[in-house]
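Enquirer: pasting a predicted model and its sequence here:
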Amino acid sequence: MSCCHHYYALAEGCESAFSVDMSKITLGPGCLAEAGQRLSARAVKRVAVFTDSRVKEMPFFQTLMDSLLRAGLDVALYDRVQVEPTDQSFLEAARFAVEADPDGYLSIGGGSVIDTCKAANLYATYPADFLAYVNAPVGEGRPVPGPLKPHIACPTTCGTGSECTGIAVFDLLAMKAKTGIASVHLRPSEALIDPQCTHTLPHNVLAASAFDVLSHAAESYTAIPYSARVAPSGPMARPMSQGANPWSDMGCERALKIIGEYFERAMADPSDLEAREQMMWAATLAGIAFGNSGVHLPHGMSYAVAGLVRDYRVDDYPDDHPMVPHGMSVIVNAPAVFRHTACACPERHLDVARWIGADVAGAENDDAGEVLSARLEQLMKKARFPGGLAPIGYTVDDLDALTDGAMPQQRLLSNAPLAVDRAALKELFRSALSYW
Ligand SMILES: [Zn+2]
């Protein structure tokens, strides 16, 4: 069924190798208590701790702080990280880091916290104009000059995989668009992944992060094969988003099977702790996978969906500003995308559908997009999520703006299994308006 072998056929002038790069990971209940000793082992004496106001109130946060104090570390706390960060909130965090002058960093929270800490570490270590390191064409895309200070990331949601990637995403307020900074040097040195953090996640945070995991794995698995990219000019020019490869395939498959087994349980019963903890394991596997392959269209489109939000708000998130949570802004595009991309690698789309619990008996290659997307829509209904862009406030009048917002995400768009031009992208947004 799987097309693993012929998917990576080598071709003249194209890439013939792939790299595997990942953070050191420790995973298990209670492992947050290791933070202090782990920082000390990296010769950190003064640590800047990044978190947000919600996480700071959680009992596991105290476990972490106790561990830092037991290890004799000098702690500077930054608890003002903004959910769905912006260039302004990144800069404020960087100013804090410059003033605090730590020799190491620790982030504890969701993707917003970990990404903010990556940016603070970068701009405090290698000061530059803000747009210098931001992905081209929005920013200059200047390479990060070298290694950053040690950073231990402790994810508390079960989605972003940010602890395993060298990417930091933010809203550029002036352009009303999400973009990011990408460099291997941004990848945290270590991750401490404590599944007990998932026990207290409210429903919408759990659902949004679980859909983010699902989409990371589905996008990585269906991405363009690494062997179809033009060969880089040298090893240092090989991109982090190198396309699907046999290593990322392993993590994606396992993550998607876990989602197939536990997603519905986690949505139906908040007290099902086993299901929640399994979602965090899936997030870790998918994070390691997509950190080495890259995601594609649902994420590329999500930046515009989140960036152009007008007045949408979701329960369980801070209500001080309108926002579409990251995982929601991704999954609303996914059914439209996979109906469109299935023709490029139908067997892979059928694999994903089967692993996340679709009935694929009798399905032919021509059915792959419909089978996968119908299953995604089922899961969105079970999570009580909006059925497209219309319920979160977009209409046909927004299609051009959404398309303009997504077009600069070429790093992601070019990782799709088929080429998508402006007209095709606009049609994808149109198809994503309303699924039911
Ligand atoms: Zn994501």
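Expert: That came through, no problem.
Enquirer: where are the low-confidence patches of this structure?
Expert: Scanning the chain for pLDDT under 70 picks out 1-5.
Enquirer: and Leu192, helix, strand or coil?
Expert: Taking DSSP: H, G, I helix; E, B strand; the rest coil as the rule, one finds Leu192 in the strand state.
Enquirer: before we move on, what about Ala168?
Expert: Reduced to three states with three-state DSSP, the structure at Ala168 is strand.
Enquirer: that one touches Ser183, doesn't it?
Expert: No: with contact defined as Cβ atoms under 8 Å, Ala168 does not reach Ser183; the gap is 9.0 Å. Quick note: C-beta positions are derived from backbone N, CA and C, even for glycine.
Enquirer: when those two are compared, which one has more neighbours?
Expert: Ala168 (26 against 20; other Cβ atoms under 10 Å).
Enquirer: residue contacts, the more buried one?
Expert: Ala168 makes contact with Phe90, Asp115, Thr116, Lys118, Ala119, Leu122, Ser162, Gly180, Ile181, Ala182, Leu186 under the criterion Cβ atoms under 8 Å, 6 or more residues apart in numbering.
Enquirer: wait, Lys250 sits on Ala289?
Expert: Lys isn't right for residue 250; it's Met. Yes: using Cβ under 8 Å, Met250 is in contact with Ala289, at 7.5 Å.
Enquirer: so Tyr105: helix, strand or coil?
Expert: Each residue gets one of three states, and Tyr105 gets strand by three-state DSSP.
Enquirer: partner residues bridging it?
Expert: Counting by DSSP bridges, Tyr105 forms beta bridges with Ala48, His151.
Enquirer: quick one, strands of the chain?
Expert: 24-27, 46-50, 74-78, 104-109, 151-155, 167-172, 177-182, 190-193 (DSSP state E).
Enquirer: now tell me what touches the second one from outside.
Expert: When you say that, I think you mean strand 46-50. Strand 46-50 is contacted from outside by 39, 64-65, 68, 73-78, 81, 93, 96-97, 100-109, 113-114, 116-117, 120, using Cβ under 8 Å, 6+ apart.
Enquirer: what's the closest non-adjacent residue to Ser373?
Expert: The spatially closest residue to Ser373, leaving aside those adjacent along the chain, is Pro335, at 3.8 Å (Cβ to Cβ, 6 or more residues apart in numbering).
Enquirer: quick one on the thing from earlier: for the strands of the chain, give me CSV that also has distance to Pro322.
Expert: Formatted as CSV, the strands of the chain follow (distance: least, Cβ to Cβ, whole Å):
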stretch, distance to Pro322
strand 24-27, 35
strand 46-50, 24
strand 74-78, 25
strand 104-109, 21
strand 151-155, 25
strand 167-172, 12
strand 177-182, 14
strand 190-193, 31
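Enquirer: for Pro202, find the nearest of those.
Expert: With Cβ to Cβ, the closest approach to Pro202 among the strands of the chain belongs to strand 104-109: 14.2 Å.
Enquirer: contact partners of that closest one?
Expert: By Cβ under 8 Å, 6+ apart, the surrounding residues in contact with strand 104-109 are 32, 35, 39, 42, 44, 46-52, 55, 61, 64, 68, 81, 97, 113-114, 116-118, 120-121, 149-157, 188.
Enquirer: Thr200: neighbouring residues, count only.
Expert: Neighbours of Thr200 (other Cβ under 10 Å): 17.
Enquirer: quick check: longest helix of this structure.
Expert: What stands out as the longest helix in the chain, according to DSSP state H, is helix 246-268.
Enquirer: distance from that helix to the middle of the chain?
Expert: In terms of Cα atoms, centre = their mean, to the nearest Å, the centre of helix 246-268 is found 15 Å from the chain centre.
Enquirer: quick check: buried residues in that helix?
Expert: By 16 or more other Cβ atoms under 10 Å, the buried positions in helix 246-268 come out as 247-249, 251-260, 262-264, 266-267.
Enquirer: list the contacts of that helix.
Expert: Outside helix 246-268, the residues within contact range by Cβ under 8 Å, 6+ apart are 4, 8, 18, 20, 203, 206-207, 210, 213-214, 216-218, 220-221, 272, 274-276, 278-279, 281-283, 285-286, 288-290, 292-293, 351-352, 355-357, 379, 382-383.
Enquirer: one more time with 7 Å
Expert: 4, 8, 18, 20, 206-207, 210, 213-214, 217-218, 220-221, 272, 275-276, 278-279, 281-282, 285-286, 288-290, 292-293, 352, 355-357, 379, 382-383 (Cβ atoms under 7 Å, 6 or more residues apart in numbering).
Enquirer: just the contacts of Ala168 now: which is nearest Glu12?
Expert: Ala182 (28.6 Å).
Enquirer: mind checking which of the contacts of helix 246-268 are buried?
Expert: Buried members of those, counted by 16+ other Cβ under 10 Å: 4, 8, 18, 206-207, 210, 213-214, 217-218, 220-221, 275-276, 278-279, 281-282, 285-286, 288-290, 292-293, 352, 355-357, 379, 383.
Enquirer: Pro202: how many residues sit nearby?
Expert: Pro202: 12 surrounding residues under other Cβ under 10 Å.
Enquirer: helices - which of the buried ones among the contacts of helix 246-268 land there?
Expert: In this view, the buried ones among the contacts of helix 246-268 that belong to helices under DSSP H are 4, 206-207, 210, 213-214, 217-218, 220-221, 275-276, 278-279, 281-282, 285-286, 288-290, 292-293, 352, 355, 379.
Enquirer: hang on, the earlier thing: of all the contacts of Ala168, which two lie farthest apart?
Expert: Thr116 and Ala182 (15.5 Å).
Enquirer: which one's more surrounded, those two?
Expert: Thr116 (30 against 22).
Enquirer: contacting residues for that one?
Expert: By Cβ under 7 Å, 6+ apart, Thr116 lies in contact with Phe50, Val81, Pro85, Ser89, Phe90, Ala93.
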